[in-house]
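Asker: take this sequence and fold it.
(one chain, ligands or ions: 2)
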Amino acid sequence: AAAAMVKETIRVYARVKPLSRRQQAGSYSVDNEELLPSLEITVPRDLADGFINNKRESYRFKFQKIFDQEAKQDVIFDSIAKPVAECVLAGYNGTIFAYGQTGSGKTFTITGGAERYSDRGIIPRTLSYIFDQLQKDSSKVYTTHVSYLEIYNECGYDLLDPRHEASKMEDLPKVTIMEDSDQNIHLKNLSLQQATNEEEALNLLFLGDTNRMIAETPMNQASSRSHCIFTIHISSKEPGSATIRRSKLHLVDLAGSERVAKTGIGGHLLTEAKYINLSLHYLEQVIIALAEKNRSHIPYRNSMMTSVLRDSLGGNCMTTMIATLAMDKRNIDESISTCRFAQRVALIKNEAVLNEEIDPRLMIIQLKKEIQDLKDELALLTGKQRTSELSQEELLQLDELIETFLKDNDPDSSLDVGADMRKIKYSFVHMKQIINHPMTSGKKLLSEDISEEKNSNEELEKLKGLLQQRDNEINILVTMLKKEKKKARDTLPPMSLEESQSPSRCSSLKDAKVLSSSIPRLPFLSRATGGMSLGCQEAFEIFKQDHADSITIEDNKQLLKQRFDEAKCLGEKLNEVRNKINHLKGKIIQRQIQRAALGVLNPSEELTFDPVEENLRMQIEEEKKSYKTVYSRFKGLKVEIEHLQLLMEKVKMKVQKDFEVWWSEEAKKFQQEKPEMVASPNTVNPVYPQLIRSSQHLSPISFSDTGRDSPNEDSAVKNNSVTSGSPTLKTRIPPSSSTSIPLTGDSQADADILAFIKARQNILQKKGKSCQ
Ligand code: ADP
Ligand code: MG
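Answerer: Numbers count the residues shown, from 1 in each chain. Ligands and ions are numbered 1, 2, ... in the order given. A predicted model of the protein is given here:
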């Protein structure tokens, strides 16, 4: 099939993150009215001096569109992601990637905020949209899979690994790149999980996000240093057709684009300093190479990320970039870098083709059927051929029989040629001949028969040729299949992200199905309760109350309850409407019975239009309409409730993780201060092996999610110690309340509790001091 091709440059959008009250706004203006919207950034004199090559004060950048601070997630989805999702549904590959410094809103844009349902980002909205569309289209059979890859330090990790409860990144299965002889990229070890509906896909997303969060340690700062690629794989097929369309949508949250700030001569900041993240440096090289004319070599292979996204950059893909910008004064510098990068990306031309391929298995099935049909036809034809050769003797016999029959005047006489279709046919033809041309004999008939025989011989040869041709085709396809299988074996397990134009990945799909049936729900519960001493649990309870996210949890609980009530209400309403409809239907039937009875009594009265019945029908239609609206609201609520439940689980996990880090730090500190109060370090360690390990490189990064506004503030928080800087530990419970913690008599647990109380008082004291 001739593949449809779409040539298009990468679409580049900008999104400006809302400033917090404390931030000083940088000076910029947005003009979305022009043919090509533009963003103008004005740099203050003192800062402009720092730009070594360029002392301009004002910079103007063109974008497809600029979304200023107030743009909400639904608008972002509708304008940026929906058109890409539509292309992917039609069979083209799509990519949306977010680029910008840490804290500029990449994750918020791609995945969404963890607090409000309305904050959900491009991934959950796209899943919702795609499954909605698939459901509406009954003309095709669709299969959907998702995969979720994290690339950190040139290593790939499978975030959807269902078997693990990862507590660090190294626990996740390592994904590696394989290149086949046709230079297609295959990702070894990346699982493709089947998702048959929105709910299953969302569960997978949350599983991946949870693994992503758990795997992050303060040391690797994975969220800012790693790239995350969530991919939706769609294949579709019309029933009975062997042609399969495959497409995939990469939704990419890139590593933070911030550069190493180099101080030049005279203390000036050099803006052209190197990326912190090396793979972004290679991404830039690829983009520069693509923008240059006559460059034949594009250095995709330099990093794993550019290898995986090769098709998205200058290849077979509809690609969209979102430049995320933090426009406060301190980040203007990075924002200009981001915009410059965006301008280069906007020059790249991609060529997306419709990814259609023939499934050799289906093709073979189809051809086999065709061959069987041909064989049947041939058998029929050859059968006729063989038996149509009535011998001369038989023919003469027949002629005689017919002649006697025609001459016989007995009205009871009959012509009996036996149960032989050939003879019956011959007899009719012969008699027709005699009636039309009474003078001619049956001899002419015989000669005609011979020419007919020649015709069918020709047809037979034709069919035989066709059969041979089909046999050849099958042989070719079987060889192809074998080769595919071998190729798949070579890159086992063959769950390829980049399945490209190569046919059939049946085995990998099967594997994925097996895996997906064993996906656990989030691993929260087992982590929460496993191996905690009583004292530790007690402390966890208090920590939970104090944690800033407890407000989120409470809010969400309230919201959930509200939604549940609403859903219950709607459920009742649905029942009510259903009952009403049934009642009206009953009335119609009654009415019909009455009128039928009337018709029997007075046959003269015609049973035609009945205004009463019509009225009842209209009422039913009305009720059905209201049923439909209530039902769609009900369904929407269901999705929201499920989403909220997943959000809650996620926040709970985060609190748990924060606690583990904090607790181990406190225990360690306490041990250092008063070693005699803890039984012995040897007894502490085995109880929290996991905690102690992670405390070795502790910083409160995971605490500071709330209240952080700018990347710069982030790093300020990171440099503080837990006890003085943690913004989320609030002093809601007075120190005296610690006496309410019961001692257990278990020396280990008691030591835990005491350590906790001591640590807590420390915090409260320090907090008190800093407030004065
Ligand atoms: P990045 O992934 O680029 O490092 P994040 O998406 O984590 O940045 O954003 C940093 C913080 O800013 C988060 O707390 C996020 O919720 C918030 N944030 C980012 N963009 C927006 C926005 N458009 N509206 C509201 N909050 C936002
Ligand atoms: Mg992020």
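Asker: when you work out contacts or count neighbours from here on, use the C-alpha atoms and nothing else.
Answerer: Will do.
Asker: surely Lys82 is in contact with Leu127?
Answerer: No. Lys82 lies out of contact with Leu127 (CA atoms under 8 Å); the separation is 10.6 Å.
Asker: whichever strand or helix holds Trp662 and ligand 1 in contact?
Answerer: Per DSSP states H and E, Trp662 falls inside helix 611-673. No. Helix 611-673 stays clear of ligand 1 (CA under 6 Å from any ligand atom), getting no nearer than 13.4 Å.
Asker: which other helices and strands does that helix contact?
Answerer: Contacts defined by 3 or more CA pairs under 8 Å, 6 or more residues apart in numbering; DSSP states H and E place helix 611-673 against helix 198-214, helix 524-529, helix 534-546, helix 549-601, helix 689-695, helix 747-771.
Asker: what's the least confident stretch among those?
Answerer: With a mean of 36, helix 689-695 has the lowest mean pLDDT of the helices and strands packed on helix 611-673.
Asker: in the stretch 201-350 of the chain, what residue lies closest to ligand 1?
Answerer: Ser224 (5.9 Å; CA to the nearest ligand atom).
Asker: wait, I meant the stretch 401-550 of the chain
Answerer: Asp549 (12.4 Å).
Asker: and that residue, how many neighbours?
Answerer: 21 (other CA atoms under 10 Å).
Asker: ok, Pro173 next?
Answerer: 19.
Asker: that one touches Leu187, doesn't it?
Answerer: No. The criterion here is CA under 8 Å, and Pro173 misses it with Leu187 at 11.9 Å.
Asker: which residues are in contact with both of the two?
Answerer: Residues touching both Pro173 and Leu187 (CA atoms under 8 Å, 6 or more residues apart in numbering): there are none.
Asker: how about the nearest residue to Ser235, chain neighbours excluded?
Answerer: Arg246 (4.3 Å; CA to CA, 6 or more residues apart in numbering).
Asker: that neighbour: helix or strand, and which one exactly?
Answerer: strand 243-253.
Asker: what are the pairing partners of that strand, and which direction each?
Answerer: strand 94-99 (parallel), strand 227-237 (antiparallel), strand 356-358 (antiparallel) (DSSP bridges).
Asker: what's the most buried one of those?
Answerer: strand 94-99 (a mean of 26; mean count of other CA atoms under 10 Å).
Asker: with just CA atoms, put it into PDB.
Answerer: Extracted C-alpha coordinates of strand 94-99, given in PDB (Å, rounded to 0.1, in the frame of the first residue of the first chain):
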ATOM      1  CA  GLY A  94       3.700  11.100  17.700                       C
ATOM      2  CA  THR A  95       6.000  12.700  20.300                       C
ATOM      3  CA  ILE A  96       5.400  15.400  22.800                       C
ATOM      4  CA  PHE A  97       8.400  16.400  24.800                       C
ATOM      5  CA  ALA A  98       8.800  19.000  27.500                       C
ATOM      6  CA  TYR A  99      12.100  20.900  27.700                       C
END
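Asker: and the contacts of the helix or strand following that strand?
Answerer: Once the chain leaves strand 94-99, the next helix or strand it forms, by DSSP H and E, is helix 106-110. With CA under 8 Å, 6+ apart as the test, helix 106-110 has contacts from 73, 98-100, 113, 119-123, 251-254, 324.
Asker: by pLDDT, give me the weakest of the residues you listed.
Answerer: Gly113 (91).
Asker: what is the burial count for that one?
Answerer: For Gly113, using other CA under 10 Å, the count is 17.
Asker: does Leu325 count as helix, strand or coil?
Answerer: strand (DSSP: H, G, I helix; E, B strand; the rest coil).
Asker: any idea what it is bridged to?
Answerer: Bridge pairing for Leu325 - DSSP bridges - gives Val16.
Asker: that one - how many residues pack around it?
Answerer: 29.
Asker: swap in Phe63?
Answerer: A count of nearby residues for Phe63, using other CA under 10 Å, gives 23.
Asker: residues from the stretch 201-350 of the chain in reach of ligand 1?
Answerer: Ser224.
Asker: point out where the stretch 201-350 of the chain drops to low pLDDT.
Answerer: 217-223, 261-273 (pLDDT under 70).
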